[in-house]
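Build the 3D model from these lines:
(2 chains)
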Amino acid sequence: MREVRVRFAPSPTGALHIGGVRTALYNYLLARQKGGKMILRIEDTDQTRFVPGAEEYIQKSLAWAGIKIDEGFGVGGPHEPYRQSERKPMYMKYAQQLIDAGHAYYAFDTEQELEAMRERLKAAGVPSPQYNSITRTQMRNSVTLPEDEVKALLASSTPYVIRLKVPRKEEIRLNDMIRGWVMVHSAQIDDKVLMKSDGMPTYHLANVVDDYLMNISHVIRGEEWLPSAPLHVLLYKYFGWEDVMPQFAHLPLLLKPTGDGKLSKRDADQMGFPIFPLDWKDPQTGELAKGFKESGYLPEALINFLAFLGWNPGTTQEIFSMDELIKAFSVERIGKAGTKFDILKAQWFNQQYLRSKSDEELGGYLLESLEKENISCTKEKAAKIAGVMKERATFPKDFWEQGKFLFYAPTTFDDAVVSKKWNDDAVKVITAYRNEISKLSTIEASAAKALLEQVTTSLNIGTGKILQAVRLSVTGAGAGPDLMMIMEIIGKDEVVKRMDFALQNIKVKVA
RNA sequence: GGUCCGUUCGUCUAGGGGUUAGGACACCAGAUUUUCAUUCUGGUAACACGGGUUCGAUUCCCGUACGGACUACCA
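Modelled structure (predicted):
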């Protein structure tokens, strides 16, 4: 069996899309399961689209997600360099090999000439004009031009590209691991540019050459590459590398949540969820896009969610750690159909992972928020608060956002609760309760509860009728975590103070 | 337009010639919680359509429709 060597090969043209993270994940899972290698290669052959910071962003994103690179950009390895722009000198040799074998040719057509050809064909009724086995005979290239002229042109450093000479009639077959046999007729493929006039290879050439040189065993990439996969198969054949051609797996696309179409940043912005793993500031526009990390998603939750977008284990288990995913993963169980992106499910995963953490860890999140607010709090108290709040939190920030009342006394009170629950009985109970509490040295939840029962019984008022009013006096709201625990956390003095404030400031609703 | 890929509850999906078509998210209801949330229980909800093949098709085949990707000296 061939060693499993997979690669994730992004272009540094901006932030890494969440779909890219999923592609990287599937590659990683296969590599780890088979004891193989995960390689990171930077495909920056289009220098006009290079965005500063994008490479670092990709590295940081993968690291955060827990996807470790064994070899490649930023890590090193036996096939350096792993940035295609730095491999520039290597590609010409391979293009030349194809020319020598008669599978590629020089083309000298200018942009205007190409445009003119397309216009002419369109006028003749061809919907999508191609540079192919037929049209190439009418263009300026080494197929049509006399050898002398080609040599002269090359010697005078006339700009040229190298194109693949795609045969007119040939059935190209490709066995995709997800889709099975895919057949394409060569007449559908145009004479793709292999080498650009700036001396850089195009994706097609660089990709195939590098996958070969790096001994890649499996190419797992997005479905958008499926139409050009037969072209890559042709390339392997012409190079004579068919026996080491990687196995292909084209992943279903991530679709927008509503309607149809590829998930885009626009959709994410509109619906208010992130699409990038980390915050990303566009260096050109200065625009800031929120990341999953900064939005409060835990990497384990994101990974679990992403793994299930297009794959399933065939069992009812849904919560998978990275190690469990590595064990359970299989390319065969990846679906064929595009997958709509449902952020609600991601939130559910986040909640599950959040709850599985200890109170101490969760308390840490609260401490982080408190630090920003310049509020001091002990670790023990933070952990205690986290314990009380954990069932109601989806994101780490929730501990602070839903627990502010523990640190700030209410200055206003929920009107709806006031009008419904704040009555003479409530005032009586709270007044008596407040006096009892003020006699205590500290509040303990179960004692506070017993004390309240005692007060309501002596006043002959049902506890249930006034509990919400008591809550209102302490927190300002009608709902929240266990009130007795809240009082225990806030402490005696503060509770008394808050009750006094409430008694003074809330007007009794006249029935 | 052409080529390729796809189509099971609203969403992610399991399944597969004979099933009460299963699970999860979301939603709804009941119970618990003297509140809300949690938790538990239950519920609504799907095989795109039309032809075949077959004793029998949601499952296999062919069409149709719908959707998507691709169609650059971008990846």
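
Can you name the residues of the stretch 401-511 of chain A that neighbour RNA strand B?
Selection of the stretch 401-511 of chain A residues close to RNA strand B by Cβ under 7 Å from any atom of the strand yields A:452-453, A:456, A:462-464, A:467-468, A:471, A:478-483. For glycine as for every other residue, the C-beta is placed from the backbone atoms N, C-alpha and C.

for RNA strand B, what are the nearby residues on the stretch 1-150 of chain A?
Residues of the stretch 1-150 of chain A lying near RNA strand B by Cβ under 7 Å from any atom of the strand: A:9-11, A:43, A:45-46, A:49, A:109-111, A:114, A:127-128, A:130-131.

Make a ChimeraX selection of whichever of those residues turn out to be buried.
Entered in ChimeraX, the line below selects the buried ones among these, by 16 or more other Cβ atoms under 10 Å:
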select /A:9,10,11,43,45,46,109,130,131
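
which residue packs closest to the residue in chain A positioned nearest to RNA strand B, ignoring adjacent ones?
For chain A, the residue closest to RNA strand B is A:T463, as judged by Cβ to the nearest atom of the strand, at 2.4 Å. Spatial nearest neighbour of A:T463, excluding adjacent residues (Cβ to Cβ, 6 or more residues apart in numbering): A:T456 at 4.5 Å.

give the contact list for the residue nearest to A:G462 when sequence neighbours are not counted.
Excluding the flanking residues, the one nearest A:G462 by Cβ to Cβ, 6+ apart is A:T456, at 6.8 Å. Listed by Cβ atoms under 8 Å, 6 or more residues apart in numbering, the contact partners of A:T456 are A:V429, A:G462, A:T463, A:I466.

which stretches of the stretch 351-500 of chain A have low pLDDT?
The stretch 351-500 of chain A contains no residues with pLDDT under 70.

in terms of contact, does the residue of chain A closest to RNA strand B touch A:L452 like I think?
Yes - counting by Cβ atoms under 8 Å, A:T463 touches A:L452, with 6.4 Å between them.

More neighbours: these two, which one.
Each of A:T463 and A:L452 has its neighbours counted (other Cβ atoms under 10 Å); A:L452 has more, 23 against 14.

Buried residues, the host helix or strand of that one. List them.
Using DSSP states H and E, A:L452 sits within helix A:445-459. Neighbour counts over helix A:445-459 (16+ other Cβ under 10 Å) mark A:A445, A:A448, A:K449, A:L451, A:L452, A:V455, A:T456 as buried.

Now do the contacts for A:S264.
Contacts of A:S264 by Cβ under 8 Å, 6+ apart are A:K256, A:I275.

Against A:D425, how distant is it?
57 Å (Cβ to Cβ, to the nearest Å).

ditto for A:A289
Plainly put, A:A289 is 53 Å away from A:D425 if you go by Cβ to Cβ.

which residue ranges form the helices in the stretch 251-400 of chain A?
For the stretch 251-400 of chain A, helices defined by DSSP state H, counting those that start in this stretch occupy the ranges A:265-271, A:299-307, A:322-328, A:343-355, A:359-372, A:379-389, A:398-401.

Please identify the most buried of those helices.
Of those, the one with the most neighbours on average (mean count of other Cβ atoms under 10 Å) is helix A:299-307, at a mean of 23.

and that helix, C-alpha only, in CSV?
In CSV, the C-alpha atoms belonging to helix A:299-307 read as follows (Å, rounded to 0.1, in the frame of the first residue of the first chain):
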residue,chain,number,x,y,z
PRO,A,299,-12.6,24.8,17.9
GLU,A,300,-13.8,21.3,18.9
ALA,A,301,-17.4,22.4,18.3
LEU,A,302,-16.6,23.9,14.9
ILE,A,303,-14.6,20.9,13.9
ASN,A,304,-17.4,18.5,14.9
PHE,A,305,-20.0,20.6,13.1
LEU,A,306,-17.8,20.9,10.0
ALA,A,307,-17.1,17.1,9.9
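
one step back: biggest separation within the contacts of A:T456, which pair?
Distance extremes for these: the farthest pair is A:V429 and A:G462 at 9.9 Å, using Cβ to Cβ.

More neighbours: the two, which one.
Per other Cβ under 10 Å, whichever of A:V429 and A:G462 has more neighbours is A:V429, with 24 against 12.

Let me know the distance separating the residue of chain A most remote from its centre from A:S473.
Note on chain A: the largest C-alpha distance from the chain mean falls to A:S458, namely 59.2 Å (Cα atoms, centre = their mean). Taking Cβ to Cβ as the measure, A:S458 falls 19 Å from A:S473.

And for A:R41?
Applying Cβ to Cβ, the value for A:R41 to A:S473 is 63 Å.

do A:F308 as well
Distance of A:F308 to A:S473, given as Cβ to Cβ: 46 Å.

Look at those two and report which has more neighbours.
A:S473 (27 against 18).

Run a quick check on that one versus A:R498, I expect a contact.
Yes - in terms of Cβ under 8 Å, A:S473 counts as a neighbour of A:R498; the distance is 6.3 Å.

Residues in contact with both of the two, list them for me.
Going by Cβ under 8 Å, 6+ apart, no residue sits against A:S473 while also sitting against A:R498.

Quick one: low-confidence residue ranges for the stretch 201-350 of chain A.
Within the stretch 201-350 of chain A, the ranges that satisfy pLDDT under 70 run A:259.

Tell me which stretches of it form strands.
A:218-222, A:247-251, A:254-255, A:280-281, A:288-289, A:339-340 (DSSP state E, counting those that start in this stretch).

can you list those in JSON lines and add mean neighbour count?
Shown next, in JSON lines, are the strands of the stretch 201-350 of chain A (neighbours: other Cβ atoms under 10 Å):
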{"stretch": "strand A:218-222", "mean neighbour count": "22"}
{"stretch": "strand A:247-251", "mean neighbour count": "21"}
{"stretch": "strand A:254-255", "mean neighbour count": "22"}
{"stretch": "strand A:280-281", "mean neighbour count": "18"}
{"stretch": "strand A:288-289", "mean neighbour count": "14"}
{"stretch": "strand A:339-340", "mean neighbour count": "16"}
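
Which one, of these, ends up nearest to A:K439?
Set against A:K439 and scored by Cβ to Cβ, the strands of the stretch 201-350 of chain A come closest in strand A:288-289, at 54.0 Å.

Check which helices and strands the closest one is in contact with.
Using 3 or more Cβ pairs under 8 Å, 6 or more residues apart in numbering; DSSP states H and E, the elements in contact with strand A:288-289 are strand A:280-281.

quick one: contacts of the strand it packs on?
Strand A:280-281 is contacted by residues A:G14, A:A15, A:Y57, A:E287, A:L288, A:A289, A:G291 when judged by Cβ under 8 Å, 6+ apart.

Next: stretch A:217-229.
With contact meaning Cβ under 8 Å, 6+ apart, stretch A:217-229 is reached by A:2-7, A:9, A:19, A:23, A:26-27, A:30, A:36, A:174, A:176-177, A:179, A:182, A:192, A:204, A:211, A:246-253, A:331, A:338.
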